[in-house]
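Engineer: starting from these lines, generate the structure:
(one chain, ligands or ions: 1)
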Amino acid sequence: MTTRTGPQTYPGASQAHRYQGKFGGDDMEVNVVVLHTTEGRTLPDYGGGASAPTLTCVPDFAARRLKWWQHFDIDTSARALLNLAGGVETNTNNVCQLEMVGTCDPATRAKWLKAGLVQDKDFIYWPQAPDWALRDVAEFLAWMHTKHSVPLSGPSKWPAYPTSYANGGGQRMNDAAWNAFRGVCGHMHVDENSHGDPGALDFAKLLAFAKEAAGAPSTPVVEAKYEPFPGAAWFRKNPRSAIVTALGKRLVAVGCSAYEDGPGPQWTEADRKSYARWQRKLGYTGAAADGWPGATSWAALKVPNV
Ligand SMILES: [Zn+2]
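Structural biologist: The predicted structure follows:
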């Protein structure tokens, strides 16, 4: 199908780094969005455009927005996917590709932190992307849904990098699944490719934001009520409660897990150690980061109502 329908430029995207004339591929009618992470901190050059995606979004931390750059028309094939001779088509299989500037690799994150860079200030670690960044990507997906009929759905498995490399998480589509696929997926899902980006993206949240932006009824992720702080003394009584499980799940989600197994309902030393990591992440030190929950850090963690 080579009919191009719908708008070809994303509103607000800079067109200053276009490679359409030089490297633009086939006309197509897009029905898939593939998400990548660049594993860098700035807009890549993409070899002068030879390996460019359709768009790149670069975090503007001061504005808490993403800056968008468009490299090809929406309904023109881009160049960021590996396509083997023979086999299925990848770039040209009705795919629009988005490179998100930042990393999905915990090792890169650790290296950047060690170099003195600050997460959410100097770089985005996409598995823990701040809501403003996810919402900006979601807005683009909503636009692709409204203007180009890309379904707001996709694979259920988003394994963490580096497990996601090759097919370590069992997430990659085979020929038949790839040819039949419509919706939003990651580079880690694309047939014939081995890259593991964008890792453990919070895809459920991204889709919920996108559905909200598209005006469709969504699961109430955003309006979710949060569990009120049970009080500092409550934790000292070694409680066994669904609240502790919900707390533990949130600590895992924000990358503060010190759990060997669990989390579970019984408050344990692993919960306290995980919570201490959360406090340190918020900038607390000393006794303020001893792992015993306080009202402010609790509110910031947004533990869902149990
Ligand atoms: Zn990629």
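
Engineer: is Gln20 in contact with Asp73, as I believe?
Structural biologist: Yes: here Gln20 lies in contact with Asp73, judged by Cβ atoms under 8 Å, at a distance of 6.1 Å. Where you see a C-beta, it was placed from the backbone N, CA and C, and this is true even at glycine.

Engineer: and the two? Which one has more around it.
Structural biologist: Asp73 (20 against 16; other Cβ atoms under 10 Å).

Engineer: with the ion as the reference, measure out to the more buried one.
Structural biologist: Relative to the ion, Asp73 is positioned 20 Å away (Cβ to the ion, to the nearest Å).

Engineer: would that residue count as being in a helix?
Structural biologist: No: according to DSSP: H, G, I helix; E, B strand; the rest coil, Asp73 belongs to no helix; its state is coil.

Engineer: ok, it to Gly12 distance?
Structural biologist: In this view, Asp73 and Gly12 are 16 Å apart by Cβ to Cβ, to the nearest Å.

Engineer: break down the stretch 151-300 of the chain into its helices, ranges please.
Structural biologist: 175-180, 203-213, 232-236, 242-253, 269-281, 295-301 (DSSP state H, counting those that start in this stretch).

Engineer: contacting residues for the closest residue to Ala177 other than its chain neighbours?
Structural biologist: Sequence neighbours aside, Asp191 is the residue nearest to Ala177 in space, at 7.5 Å (criterion: Cβ to Cβ, 6 or more residues apart in numbering). Contacts for Asp191 (Cβ atoms under 8 Å, 6 or more residues apart in numbering) come out as 87-88, 90, 172-175, 177-178.

Engineer: re earlier: can I get the helices of the stretch 151-300 of the chain in TSV including mean neighbour count, distance to the ion and mean pLDDT?
Structural biologist: Shown next, in TSV, are the helices of the stretch 151-300 of the chain (neighbours: other Cβ atoms under 10 Å; distance: least, Cβ to the ion, whole Å; pLDDT from 0 to 100):
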stretch	mean neighbour count	distance to the ion	mean pLDDT
helix 175-180	12	15	92
helix 203-213	20	16	95
helix 232-236	13	42	92
helix 242-253	19	24	96
helix 269-281	19	28	96
helix 295-301	16	31	91
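
Engineer: in CSV: the ones you listed, plus distance to Gln97.
Structural biologist: Output for these, formatted as CSV (distance: least, Cβ to Cβ, whole Å):
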stretch, distance to Gln97
helix 175-180, 14
helix 203-213, 16
helix 232-236, 46
helix 242-253, 27
helix 269-281, 32
helix 295-301, 34
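
Engineer: from Arg172, how far off is the most centrally placed residue in the chain?
Structural biologist: Centroid-nearest residue in the chain, with Cα atoms, centre = their mean: Leu201, separated by 3.4 Å. Separation of Leu201 from Arg172 (Cβ to Cβ) stands at 15 Å.

Engineer: tell me which helix or strand of the protein sits lowest on mean pLDDT?
Structural biologist: helix 20-23 (a mean of 86; mean pLDDT, DSSP states H and E).

Engineer: how far out from the middle of the chain is it?
Structural biologist: 29 Å (Cα atoms, centre = their mean, to the nearest Å).

Engineer: residues of that helix that come out buried?
Structural biologist: 20, 23 (16 or more other Cβ atoms under 10 Å).

Engineer: same question for stretch 63-81.
Structural biologist: Quick answer for stretch 63-81 (16+ other Cβ under 10 Å): 65-81.

Engineer: taking helix 203-213 as reference, get the angle to the longest helix along the chain.
Structural biologist: Using DSSP state H to define each element, the chain has its longest helix at helix 131-148. Angle of helix 131-148 versus helix 203-213, following axes from the mean of the first three to the mean of the last three Cα atoms, to 10 degrees, is 60 degrees.

Engineer: contacts for helix 131-148, please.
Structural biologist: 5-7, 10-11, 29-31, 33, 35, 55, 57, 59, 64-66, 68, 74-75, 96, 98, 100, 124, 150-152, 184, 202, 205-207, 209-214.

Engineer: apply 7 Å and report the result again.
Structural biologist: Helix 131-148 has contacts (Cβ atoms under 7 Å, 6 or more residues apart in numbering) with 6-7, 10, 30, 33, 57, 59, 64-66, 74, 96, 98, 100, 124, 150, 152, 184, 202, 205-206, 209-210, 213-214.

Engineer: as CSV, could you dump the C-alpha coordinates of that helix?
Structural biologist: Output in CSV follows, covering the C-alpha atoms of helix 131-148 (Å, rounded to 0.1, in the frame of the first residue of the first chain):
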residue,chain,number,x,y,z
ASP,A,131,5.8,11.6,33.8
TRP,A,132,6.3,14.9,31.8
ALA,A,133,8.5,13.0,29.3
LEU,A,134,6.1,10.0,29.1
ARG,A,135,3.2,12.4,28.5
ASP,A,136,5.0,14.1,25.7
VAL,A,137,5.7,10.8,24.0
ALA,A,138,2.1,9.8,24.7
GLU,A,139,0.9,13.0,23.0
PHE,A,140,2.7,12.0,19.9
LEU,A,141,1.2,8.5,20.0
ALA,A,142,-2.2,10.0,20.4
TRP,A,143,-1.6,12.2,17.4
MET,A,144,-0.5,9.1,15.4
HIS,A,145,-3.6,7.3,16.6
THR,A,146,-6.0,10.2,15.7
LYS,A,147,-4.3,11.2,12.3
HIS,A,148,-2.9,7.9,11.2
